[in-house]
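> Pasted the sequence and its predicted model underneath.
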Amino acid sequence: MFIIKSLNYKDILQIRNVEIHTGKVTTLFGESGSGKSTLLKLLNRLISPDQGTLLYENKPIGEFDPVLLRREVVMLSQAPAIFEGSVRDNLLIGLKFSEKESVTDNKLLKILKEMKLKKGLDDEADKLSGGEKQRIALARVLLMEAKAYLIDEPTSALDEDTEKRVMDYFIEHSKAKSKTIVMVTHSREIAQRYSDQILDMKNINQKRSLSV
Ligand SMILES: Nc1ncnc2c1ncn2[C@@H]1O[C@H](COP(=O)(O)OP(=O)(O)OP(=O)(O)O)[C@@H](O)[C@H]1O
């Protein structure tokens, strides 16, 4: 799905050769500041490389319309965006952005259950806890049925048990539909449990690894 060669972004990231495969889980693992979020932003065309090759579906990513690209390659950033309004509004907003058909309350209730969220669809979203907001954001992304999900520490605010249940569902559901996942985590256990490929950011970022 993505091919990266000799990529350079400012003094932050240098990647010689990385391939991110369709339908697989690729995990970016590494110390704080190693460029994990920067790589996700490159894959979503929020920023562009200074040098090198970044292909999406075998075409330079710069040739894609950014809005259309972001409907296919959906990013969930570290601090989940929660808007004023109800839980329902917040779940459906991704579908609106993608200009996709809305879904029934039953489907929304089912996904809340899978996310282990005991909240009603009419509850106010900005009153939710940090971990609840993360799960709403994750559910919103899942509902979009995009081709790829770029998820940046999506469960960092959850307790271990809830994190495992939510991630089990997210990964199983996505894999069953051949979605591509690129995720950032600081948890070695999460990385090992779910990944088809783990990119050690110290190693792909050669400049940093040489200086270590
Ligand atoms: N636009 C920018 N201009 C200059 N420096 C930046 C920019 N964006 C990020 N950086 C720096 O690049 C480095 C990598 O940032 P990034 O957010 O990608 O790291 P990370 O691996 O995701 O870190 P964390 O695990 O702490 O979230 C950091 O030192 C950060 O301060």
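Happy to help now that I have it. Bear in mind that the values here come from a model prediction, so they are computed numbers and not experimental data. Numbering: from 1, shown residues only.
> List the buried residues of stretch 48-65.
Pro49, Gly52, Leu54, Tyr56, Ile61, Phe64 (16 or more other Cβ atoms under 10 Å). C-beta coordinates here come from the backbone N, C-alpha and C atoms, glycine included.
> Okay, strands next: where are they in this structure?
2-9, 13-20, 25-29, 51-56, 59-60, 73-76, 148-152, 180-185, 197-200 (DSSP state E).
> could these be laid out in a markdown table, adding distance to Ala191 and mean pLDDT?
Converted to a markdown table, the strands of the chain look like this (distance: least, Cβ to Cβ, whole Å; pLDDT from 0 to 100):
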| stretch | distance to Ala191 | mean pLDDT |
| --- | --- | --- |
| strand 2-9 | 19 | 95 |
| strand 13-20 | 15 | 94 |
| strand 25-29 | 5 | 96 |
| strand 51-56 | 23 | 96 |
| strand 59-60 | 29 | 96 |
| strand 73-76 | 17 | 95 |
| strand 148-152 | 13 | 96 |
| strand 180-185 | 6 | 96 |
| strand 197-200 | 5 | 94 |
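> Which one of the ones you listed lies nearest to Leu128?
Comparison of those against Leu128 by Cβ to Cβ identifies strand 73-76 as nearest, at 15.8 Å.
> when you scan the closest one, is anything in it near the ligand?
No: using Cβ under 6 Å from any ligand atom, strand 73-76 never reaches the ligand; the gap is at least 12.8 Å.
> Can I get the longest helix along the chain in PDB, CA atoms only?
Taking DSSP state H as the criterion, the chain has its longest helix at helix 160-176. Only the C-alpha atoms of helix 160-176 are listed here, as PDB (Å, rounded to 0.1, in the frame of the first residue of the first chain):
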ATOM      1  CA  GLU A 160      -5.000  -2.700  30.600                       C
ATOM      2  CA  ASP A 161      -8.000  -5.000  30.400                       C
ATOM      3  CA  THR A 162     -10.200  -2.500  28.500                       C
ATOM      4  CA  GLU A 163      -7.300  -1.700  26.200                       C
ATOM      5  CA  LYS A 164      -6.900  -5.400  25.300                       C
ATOM      6  CA  ARG A 165     -10.600  -5.900  24.600                       C
ATOM      7  CA  VAL A 166     -10.900  -2.800  22.500                       C
ATOM      8  CA  MET A 167      -7.800  -3.500  20.500                       C
ATOM      9  CA  ASP A 168      -8.800  -7.200  20.000                       C
ATOM     10  CA  TYR A 169     -12.100  -6.000  18.500                       C
ATOM     11  CA  PHE A 170     -10.500  -3.200  16.400                       C
ATOM     12  CA  ILE A 171      -7.800  -5.400  14.900                       C
ATOM     13  CA  GLU A 172     -10.000  -8.500  14.300                       C
ATOM     14  CA  HIS A 173     -12.800  -6.400  12.700                       C
ATOM     15  CA  SER A 174     -10.300  -4.500  10.500                       C
ATOM     16  CA  LYS A 175      -8.300  -7.600   9.500                       C
ATOM     17  CA  ALA A 176     -11.500  -9.400   8.600                       C
END
